[in-house]
Each structure stands twice: as C-alpha cells, then as structure tokens.
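1. Test case, fold it:
(one chain, ligands or ions: 1)
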Amino acid sequence: MLYYNGQRQTGTSNHSIENINPANGQIIGTIQTASEDDVQKAIESAKSGFRIWSAMSPTERGRILRKAAELLRSKNDEIARIEVEDTGKPISEALEVDIHSGADALEYYGGIAASLHGEHYDLGASFAYTRREPLGICAGIGAWNYPIQIACWKSAPALACGNAMIFKPAELTPRSAVLLAEIYSEAGLPDGVFNIIQGEAEVGQLLTRHPDIRKVSLTGEVGTGKKVMADAAGSLKHVTLELGGKSPLIIFDDADIDEAVNGALLANFYTQGEICSNGTRVYVAQSIKTEFLKKLIDKTKLLKTGDPMDIKTQVGALISREHFEKVLTYIDKGKEEATLLYGGERFEGDQGECKDGYFISPAIFETDDESACIVREEIFGPVMTVLPFTEETEVVRKANDTIYGLAAGVFTRDLKRAHRVVQQLEAGMCWINNYNVTPVEIPFGPYKQSGFGKENGLVTLDAYSQLKTVYVEMDKIDSPY
Ligand code: NDP
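-> So this is what the prediction gives:
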C-alpha cells in the first residue's frame, strides 16, 4: 500500500513485490509498487501538506507529534507482530524496543518543536535576526532491519521542523510505515505531510532525482549511499547517509569479563546480527582470551534460535533467502580463513511451521588474520570474529584499519584508558562498557564511509532546517551613490 493525500492508495505500476515471512518462507501478501505517476502524486500531496504544516504554530505541530507517540505506543503489540512477520526478528525484541524507540523519537521531537527559534543580532542602529525554516519536502529511504524505528527516526525531526516527508520503506519490509502514516493522520497530521511510496531501487531513485525534493536521508548500504549521493547531486539536495559498518569492540585485560561477554553478545546477536552498528570485530586482550572465549561460547550455547513469534526466542530468522545464502557463504569462507569455534550452521531444529525459515545459529570465529574477508567485510548476520591483541597502540591501529566508521566499543575498568582510546577511534558512536545503546537524546551517526550526518539528538534538527538571515535597516542607507 502507498499512502498520500492522507489515505491508503494502490500503486499503479505493472510490478508487484511479494512480502515474504522470513520465519517460514511463506508469502504474507503482495504490494503493487509505485509508478512514476504515483510518485508525482505523492509529491503533489507533500506540497499541499507542506503548505499547511509549515504555516501551523510549532506548539501545535509538537502536540500532534506527541499524540502520535501516544497512539504508536498504544498499538505496540499489534505493530510488533507485523514487524516480526516482515523482518524475522524475535518478538521479545520488537515488543520491547522497535516501536518504543520510534515513539521516543516522536515524543522527543514533539517536545522540542515549540522551542525551535532563530537569533537576534544587535547591530547598533540596525539589527538582524535569523529564522529557522523547514527545507520543504524531504525523502526518507529506509533499510529493512528496523523498519518502523527508521521511519520514526527520520520523520520525527523532519516534521518537528515543519517539513513534509515522502518515505520509502525497504521492499522487504513494506507494512509498518503505512501504519505509522495512519497513526500520524489519526493524531491530526494534515493530509500530505507524511506520505509512503513502495518499491525497489528505481522507485527510490525517482525520489533522489526529483527536483522538488530538498533533502534525502538514507539508511542502507555504502554502495547505495554513493548512488544516492550522486543522484542527489543533480539538484544539490541536502543528504544524510546512515550506512554500513564493521565496528570494533575492544576488551582490555582489566575488563569485567562477564560484562564484556554480555557486551559482545549484544554487539553481535541482537536482531540476529542485522544491526549496522554491531561490533563484529571483537578484539580481546591476549591474556584473558581463553577465559573470555570459554564464557562467551558457554553463553552463546544458551541462546534460543528459532520461531521469532516464540517469546523465548533470542535469535530469529534472517531477512530473506538471498541474504541467508550470502551469510552462509561468508561462514563457508570464514571456515577457510579462520577457526570456527561455535555455530554458523543452517538451523533447522524442531521448528514446526518454521522449518523453511532462514535461520542460522550464532557463529563465533577466531583469527589473527586482519586481512580475512570475515574481518574486513560487513556480513550483517549473526557472525562474530574474535581477534587477539597485546598493546593499546596496536589495537587502536587495527580497530581503525577499515573503510567504515560507524561505531566502536571499549570494555575496561581504567577510566583514563577508556577515554584515551575512544578519543583515537575513528567512529561516530562509541560506547564505554556497554554496546548498541541508542537513547533518542544522543546523536547517532557515522564517520568515514559509513556515511555522514546524525540521527537523534538536538543536532539532527540542523539537518532538517535552514537558517534565513534577515537584516533590518533602521537608519538611512549609507550609500556611495
Ligand atoms: P540497501 O542499501 O540495499 O537499501 C536501503 C534502501 O535504499 C532500501 O529502501 C532500498 O530499496 C533503497 N535503494 C536501493 N538502491 C537505491 C538507489 N539506487 N536509489 C535510491 N534508493 C535505493 O540496504 P538494506 O536494506 O539491505 O539494509 C542493510 C544495510 O543498511 C546494511 O549495510 C546496514 O549496515 C545498513 N544500515 C545502516 C544503519 C545506520 O544507521 N547506519 C542502520 C541500519 C542499517 P530496496 O529495499 O528495494 O532495495
């Protein structure tokens, strides 16, 4: 379903997408994708929505966003089930995290909307001021791992600043964004302010190349980010890119080992490893490596892989057959270049209805080969590689030896070392003695080829607004003519 002019619409292209449940390979439904004509209608819808929304008082805008947050939370369980069917992630996660973290963004930016302001400049006889104005129509393009969260993280700051948005969910997870659009409408958002189009890369390109769109915010792969930036350059759009990663997690010899093991599990196996910021290169001090690995493997063995709808499941199904095969290929490659210590098998188990699902048991590799594929490339599945180190300078150099720069983690009890190391890490989001915690108040975003720009926090408001400077002459013009 598409959504524009404040209601569901059917795509009119001659192409449809099958929405498949990764837990059993069955078709949930088909979605007719957007034609060029549909995209143009969504643009016209956004234009009329923008006229109304940008003229409303910021207090009123904030109230609607906060109301939408409330409605979103009230539909938590219903949306969580849809998210699980679309993504294959465990219901225990979706119930606790995905919808709540989206609602947090609506609530946070809804609370801030009325505080957006410009500044006044006293120039003696004259003065100037700035106005913080919306950009216009923004495009949001989402990845499939956190569909509703991504839709909320992009739309909440955009709408708080008075913009309209056209959002394209990933083709594999098309449903929850439409529910968000309905929630916005129910909360009082004027028609056309938040619109959904569905489709693949070509449909995304209709947005990134459209001259009437002023900004594009993408969550996706590095290669997609490069294409989106090139297309956006045609009309010099503002661009935010939240891309892939191969992040390091460094565990020093003085770390609390049980905490570090929990950190490594959190950094690798949550959402079956399909998290951009995951710390998939786990550097462990040589002197504690044996103890760390024993505890890590013991705990990994306890993780329950399987039916995502089972509340006890901790590792769900990978998003698609294609991705599942890709991750298995990486595991096969890993077996040639590293030592597989645990897991990494196609998981069948006693699965009942889920016997045809795309499950892989969490894999732990060990190697000291920094050039191995599984150490250098983003796998985006439940695959952790443990690497040894002895010196602080050595591990910082190894941690930074990557094209990516999304995130990093450090476990140590030595406070000075923690800050000294973090200062040297080339990553936009660093955690000390924890991993993958992303409260809405703090900016989240990448360095290097993981992209640029932030989501969350106050700073994101700068990315969805522009400053107009107004000079006011109060005296006679001092003219040489
Ligand atoms: P993709 O890059 O394949 O797709 C992302 C989105 O872009 C999809 O909606 C996709 O459509 C669309 N798209 C693809 N090509 C184009 C194009 N040329 N122009 C416009 N839009 C396009 O990423 P995935 O969906 O496979 O997601 C996984 C990736 O996302 C991983 O690399 C992961 O690290 C990254 N990611 C980054 C996050 C961050 O915050 N930094 C968070 C989450 C994920 P379609 O679905 O039809 O292909």
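2. Excluding chain neighbours, what is closest to Pro138?
-> Let me fix one detail, which is that residue 138 is Cys and not Pro. Leaving aside its chain neighbours, Cys138 sits nearest to Lys215 (4.3 Å; criterion: Cβ to Cβ, 6 or more residues apart in numbering). For the C-beta atoms, the positions are set from N, CA and C on the backbone; glycine is no exception.
3. Helices along the stretch 251-400 of the chain, start to end?
-> With DSSP state H, counting those that start in this stretch as the criterion, the stretch 251-400 of the chain has helices at 257-266, 289-301, 321-337, 373-376, 392-400.
4. and the first one, C-alpha only, in PDB?
-> In other words, helix 257-266. Extracted C-alpha coordinates of helix 257-266, given in PDB (Å, rounded to 0.1, in the frame of the first residue of the first chain):
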ATOM      1  CA  ILE A 257      34.800 -10.400  31.800                       C
ATOM      2  CA  ASP A 258      31.100 -11.300  32.400                       C
ATOM      3  CA  GLU A 259      30.100  -7.700  31.400                       C
ATOM      4  CA  ALA A 260      32.300  -7.900  28.400                       C
ATOM      5  CA  VAL A 261      30.800 -11.200  27.300                       C
ATOM      6  CA  ASN A 262      27.300  -9.700  27.600                       C
ATOM      7  CA  GLY A 263      28.500  -6.700  25.600                       C
ATOM      8  CA  ALA A 264      29.900  -8.900  22.800                       C
ATOM      9  CA  LEU A 265      26.600 -10.800  22.600                       C
ATOM     10  CA  LEU A 266      24.700  -7.600  22.500                       C
END
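5. Against which helices or strands is that helix packed?
-> With contacts taken as 3 or more Cβ pairs under 8 Å, 6 or more residues apart in numbering; DSSP states H and E, helix 257-266 sits against strand 248-251, helix 289-301, strand 407-411.
6. Please name the residues that touch Glu394.
-> By Cβ atoms under 8 Å, 6 or more residues apart in numbering, the contact list for Glu394 is empty.
7. again, only this time at 10 Å
-> Contacts here follow Cβ atoms under 10 Å, 6 or more residues apart in numbering; on that basis Glu394 touches 283, 388.
8. Quick check, pLDDT for it.
-> pLDDT, Glu394: 98.
9. ok, back up a step: would you reformat the helices and strands packed on helix 257-266 as a markdown table and include mean pLDDT and mean neighbour count?
-> Shown next, in a markdown table, are the helices and strands packed on helix 257-266 (pLDDT from 0 to 100; neighbours: other Cβ atoms under 10 Å):
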| stretch | mean pLDDT | mean neighbour count |
| --- | --- | --- |
| strand 248-251 | 98 | 28 |
| helix 289-301 | 98 | 16 |
| strand 407-411 | 98 | 30 |
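10. Looking at these, which is nearest to Ala69?
-> strand 407-411 (26.2 Å; Cβ to Cβ).
11. Mind listing the strands that closest one pairs with, and their directions?
-> Its sheet considered, strand 407-411 pairs with strand 248-251 (parallel), strand 429-432 (parallel) by DSSP bridges.
12. got the contact list for the last one?
-> With contacts defined as Cβ under 10 Å, 6+ apart, strand 429-432 is touched by 245, 247-249, 263, 266-267, 277, 279, 405-412, 415, 417-419, 421-423, 436-438, 442-447, 450, 454.
13. one step back: okay if I get the helices and strands packed on helix 257-266 as CSV plus distance to Thr313?
-> Converted to CSV, these look like this (distance: least, Cβ to Cβ, whole Å):
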stretch, distance to Thr313
strand 248-251, 24
helix 289-301, 15
strand 407-411, 25
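14. For the ligand, find the nearest of these.
-> In terms of Cβ to the nearest ligand atom, the element of these nearest to the ligand is strand 407-411, at 8.6 Å.
15. coming back round to it: for the ligand, which of the helices of the stretch 251-400 of the chain is the nearest?
-> Closest among the helices of the stretch 251-400 of the chain, using Cβ to the nearest ligand atom: helix 321-337, at 7.6 Å.
16. Mind listing what's buried along that closest one?
-> Within helix 321-337, the residues that qualify as buried by neighbour count (16 or more other Cβ atoms under 10 Å) are 323-324, 327-328, 330-331, 334.
17. Can you tell me which of these is closest to Thr469?
-> Using Cβ to Cβ, the shortest approach to Thr469 within the buried residues of helix 321-337 belongs to His323, at 47.8 Å.
18. how far away is that closest one from Ala143?
-> With distances taken as Cβ to Cβ, to the nearest Å, His323 is found 12 Å from Ala143.
19. Quickly list what's touching both of those two.
-> By Cβ under 10 Å, 6+ apart, the residues touching both His323 and Ala143 are 172, 274, 380.
20. Let me see the ranges of the helices in the stretch 101-250 of the chain.
-> For the stretch 101-250 of the chain, the helices defined by DSSP H, counting those that start in this stretch cover 147-160, 176-187, 201-208, 222-233.
21. Determine which of those helices approaches the ligand most closely.
-> Closest among those, once you apply Cβ to the nearest ligand atom, is helix 201-208, at 2.3 Å.
22. Out of the helices and strands packed on helix 257-266, which gets nearest to His100?
-> strand 407-411 (20.9 Å).
23. Any residue of that closest one touching the ligand?
-> No: if you take Cβ under 6 Å from any ligand atom as the test, strand 407-411 misses the ligand, and the best it gets is 8.6 Å.
24. what's the angle between that strand and helix 392-400?
-> 150 degrees (axes from the mean of the first three to the mean of the last three Cα atoms, to 10 degrees).
25. Please export the C-alpha coordinates of strand 407-411 as CSV.
-> Only the C-alpha atoms of strand 407-411 are listed here, as CSV (Å, rounded to 0.1, in the frame of the first residue of the first chain):
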residue,chain,number,x,y,z
ALA,A,407,30.6,2.7,15.9
ALA,A,408,33.1,1.2,18.4
GLY,A,409,33.1,-0.1,21.9
VAL,A,410,35.7,-0.4,24.7
PHE,A,411,35.5,-2.5,27.9
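26. Spatially nearest residue to Arg66 (excluding sequence neighbours)?
-> Gly110 (3.8 Å).
27. cool, and Gly316?
-> With Cβ to Cβ, 6+ apart, the residue lying closest to Gly316 is Pro308, at 3.8 Å.
28. before we move on, what about Thr339?
-> Thr339 sits nearest to Glu366 (Cβ to Cβ, 6+ apart), 4.9 Å away.
29. Alongside the ligand, which residues does this structure contribute?
-> Counting by Cβ under 6 Å from any ligand atom, the chain sits next to the ligand at 141-145, 168, 170-171, 200-201, 204-205, 208, 218-221, 224, 227-228, 242-245, 276, 378, 380, 406, 446.
30. now those residues: which count as buried?
-> So, by 16+ other Cβ under 10 Å, the buried ones in the residues of the chain next to the ligand are 141-145, 168, 170-171, 204-205, 208, 218-220, 224, 227-228, 242-245, 276, 378, 380, 406, 446.
31. Show me the shaky parts of the stretch 351-481 of the chain.
-> 351 (pLDDT under 70).
32. list the contacts for the residue nearest to Asp356 when sequence neighbours are not counted?
-> Spatially, and ignoring its direct neighbours in sequence, Asp356 is nearest to Gly25 (4.2 Å; Cβ to Cβ, 6+ apart). The contact partners of Gly25, by Cβ under 10 Å, 6+ apart, come to 317, 320-321, 324, 354-358.
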